[in-house]
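Chemist: need a 3D model of the sequence below.
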Amino acid sequence: MLILSLVIVLFALVAAFWFFRPLRRGQVRITLTDGRSIRAPVGSNLFQVLRDAGVDLPSTCGGQGSCAQCRCRILRGAERITEQERPYFSPEELRSGVRLACRVTVQRDLLIEVPDPTDRSDKGRS
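Modeler: Numbers count the residues shown, from 1 in each chain. Down below sits the predicted model:
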């Protein structure tokens, strides 16, 4: 009886550990279409990762999600778009994978395209 109780307790502990473990730990690779590759911790903010790596994304709000300028296109590995982002995009942009980098939490390897800093359509905006 004691052995059966110990086996049940051990099984319960293993099941609890498995159930409550983080989804994924470690690092992921963010590959840009220009060939650059960046390593980032799972759960990090894409805007901050890109900014720290020297990738120039426009932003007047500093990545706080209010200016909608830090647009990038996620070609592979994207999570579902957030409801906060949805109003900023046309249906065509949504289908093509355009996202606000400040609203993307890195969960897996990504392939992304960032706009060319010399070809910005928002140059005249304030």
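
Chemist: contact partners of stretch 53-73?
Modeler: 32, 36, 38, 45-48, 50-51, 84, 88, 96-103, 112-115, 117, 120, 122 (Cβ atoms under 8 Å, 6 or more residues apart in numbering). (C-beta placed from N, C-alpha, C; glycine too.)

Chemist: again, 7 Å this time
Modeler: 38, 47-48, 50-51, 84, 88, 96-103, 112-115, 117, 120, 122 (Cβ atoms under 7 Å, 6 or more residues apart in numbering).

Chemist: stretch 34-45 now?
Modeler: Contacting residues not belonging to stretch 34-45 are listed as 24-31, 49, 53, 102, 105-107 [Cβ under 7 Å, 6+ apart].

Chemist: one more pass at 6 Å, please.
Modeler: Here stretch 34-45 makes contact (Cβ atoms under 6 Å, 6 or more residues apart in numbering) with 24, 27-31, 49, 53, 106.

Chemist: farthest-separated two in these?
Modeler: The largest distance within the contacts of stretch 34-45, taken as Cβ to Cβ, falls between Arg24 and Ala53 and amounts to 20.6 Å.

Chemist: so between the two, which is more surrounded?
Modeler: In this view Arg24 and Ala53 are compared by other Cβ atoms under 10 Å, and Ala53 has more residues nearby, 14 against 11.

Chemist: give me the nearest residue to Leu94, chain neighbours excluded.
Modeler: Ile81 (6.7 Å; Cβ to Cβ, 6 or more residues apart in numbering).

Chemist: quick one: which of the contacts of stretch 53-73 sit in helices?
Modeler: Filtering the contacts of stretch 53-73 for membership in helices, criterion DSSP state H, returns 47-48, 50-51, 96.

Chemist: which of the residues you listed tops the neighbour count?
Modeler: Greatest neighbour count in these, by other Cβ under 10 Å, goes to Leu50: 25 neighbours.

Chemist: residues contacting that residue?
Modeler: The neighbours of Leu50, taking Cβ under 6 Å, 6+ apart as the test, are 57, 101.

Chemist: rewinding a little: what subset of the contacts of stretch 34-45 is buried?
Modeler: The neighbour-count test (16 or more other Cβ atoms under 10 Å) applied to the contacts of stretch 34-45 identifies 28, 30-31, 49, 106 as buried.
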